[in-house]
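Predicted structure and sequence below. I'll ask about it afterward.
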Amino acid sequence: MRATAALGCAAVLWASALAARVDGRQEHRHHAPPQARVLASPLDLTDTDLAAGQTTSAARCVGCHGPLGKGGVAPAELGLSGKEQDLLARLRAEPLYPAMFAAAFPGDAAPISLANVTRAIASFERTLLSGRSPYDLYRTSADPRALSPAAMRGEEIFFSERTQCFHCHGGFNFTETADYVGKGVVAIEFHNTGLYNLDARGSYPVPNTGVHEVTRAPDDMGRFKAPSLRNIALTAPYMHDGSIATLTDVIRHYEAGGRTVTGGPHRGVGARNVHKSEFVKGFTVTDEERRDLVAFLESLTDLAFTSDPRFSDPWPPAVLTPAKGK
């Protein structure tokens, strides 16, 4: 495979045919995980472990795996079970794709294949490298003045045992689920943060119960992967289901050691969730310290990355072809 051509294939695919899906758009029950530096993640999902030969999100996008394992049966996960030929027919009918796939996979008699779609997207995803935020510039000494005094104070609070944020969001990618040269053990970590406690026994709203949805093990209830915090200021709302609106509210959630929902079907005291992570104990900060924490999290925003035209949608809305019957 020729990398540059494969990147070209994937850049178009990522924003068009696969994003629109064969059967139209649907809302997902999970907050989409960030893709910056996804190449360092041994698991690019929220709640399930997939054994894929390529970047897991790429495999999942083209329907090699669905949210409950092999089969790709859930449309909201871009599942294409039984519709693979429909997808390939659409790609072959798009004038740009035949030449791009032929250039990317010159040794293949039929270069537009499901396997090659997966490889192309994985190749594209590996180029999504974010490392030019104010925090990065400050920490690498590229710009000693890049970080504000408030963000510096927030960094100290973030990496303190008082808040324990770094236990789940540590390392260069601000998540402990990361793989890199020299790392001794590649651990895939999942945590229950006390977001819900529906029945006073730790339950989360069905079917969005985290790892428990797959394993059915009681101790896995509400356990989700801690995502990277890179560019976190741009990805509201927060938590696995987008149920917390702002970074300030997220900090208040962890201050309380879990969320209390006072009414409705989700009422319960999350701080008393029996499955809650040992790192979510609650803490006390002043109003100024809370603002400092937000300033630190905002300093992880890499505008050079998020505004890079190479990663933008190459298909203006006017040229998108609606799915058949839509």
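That came in fine, so what should we check first? Numbers count the residues shown, from 1 in each chain.

Run through the strands of the chain in chain order.
Using DSSP state E, the strands of the chain run over 65-66, 69-70, 190-191, 224-225, 260-261, 268-269.

ok, how many other residues are close to residue 217?
Using other Cβ atoms under 10 Å, residue 217 is surrounded by 10 other residues. Just so you know, the C-beta spots here come from the backbone N, C-alpha and C atoms, and that holds for glycine as well.

In contact with it, which residues?
Residue 217 makes contact with residue 211, according to Cβ atoms under 8 Å, 6 or more residues apart in numbering.

hang on, isn't residue 289 packed against residue 157?
Yes: counting by Cβ atoms under 8 Å, residue 289 does reach residue 157; the two are 5.7 Å apart.

Mind listing the shared neighbours of these two?
What both residue 289 and residue 157 touch, as defined by Cβ under 8 Å, 6+ apart, is an empty set.

And the pLDDT for residue 38?
On pLDDT, residue 38 comes in at 50.

Quick one: low-confidence residue ranges for the chain.
Along the chain, the parts satisfying pLDDT under 70 run over 1-80, 178-187, 316-326.

can you pull out the helices in it?
3-15, 17-20, 56-61, 84-93, 96-104, 114-125, 134-139, 149-158, 212-215, 247-255, 287-298, 303-306 (DSSP state H).

possible to save these as TSV with mean neighbour count and distance to residue 202?
Listed next are those as TSV, based on neighbours: other Cβ atoms under 10 Å; distance: least, Cβ to Cβ, whole Å:
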stretch	mean neighbour count	distance to residue 202
helix 3-15	20	37
helix 17-20	19	36
helix 56-61	24	28
helix 84-93	16	39
helix 96-104	18	48
helix 114-125	23	35
helix 134-139	20	35
helix 149-158	18	27
helix 212-215	18	10
helix 247-255	19	16
helix 287-298	19	27
helix 303-306	14	37
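
could the ones you listed be laid out in CSV, adding distance to residue 262?
Shown next, in CSV, are the helices of the chain (distance: least, Cβ to Cβ, whole Å):
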stretch, distance to residue 262
helix 3-15, 41
helix 17-20, 38
helix 56-61, 36
helix 84-93, 46
helix 96-104, 53
helix 114-125, 41
helix 134-139, 36
helix 149-158, 28
helix 212-215, 25
helix 247-255, 14
helix 287-298, 22
helix 303-306, 36
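
wait, which of the ones you listed is closest to residue 200?
helix 212-215 (16.8 Å; Cβ to Cβ).

closest one to residue 195 among the helices of the chain?
With respect to residue 195, and counting by Cβ to Cβ, the nearest of the helices of the chain is helix 247-255 at 7.4 Å.

just the angle between that closest one and helix 149-158, please?
Helix 247-255 runs at 20 degrees relative to helix 149-158, counting by axes from the mean of the first three to the mean of the last three Cα atoms, to 10 degrees.

All set, thanks.
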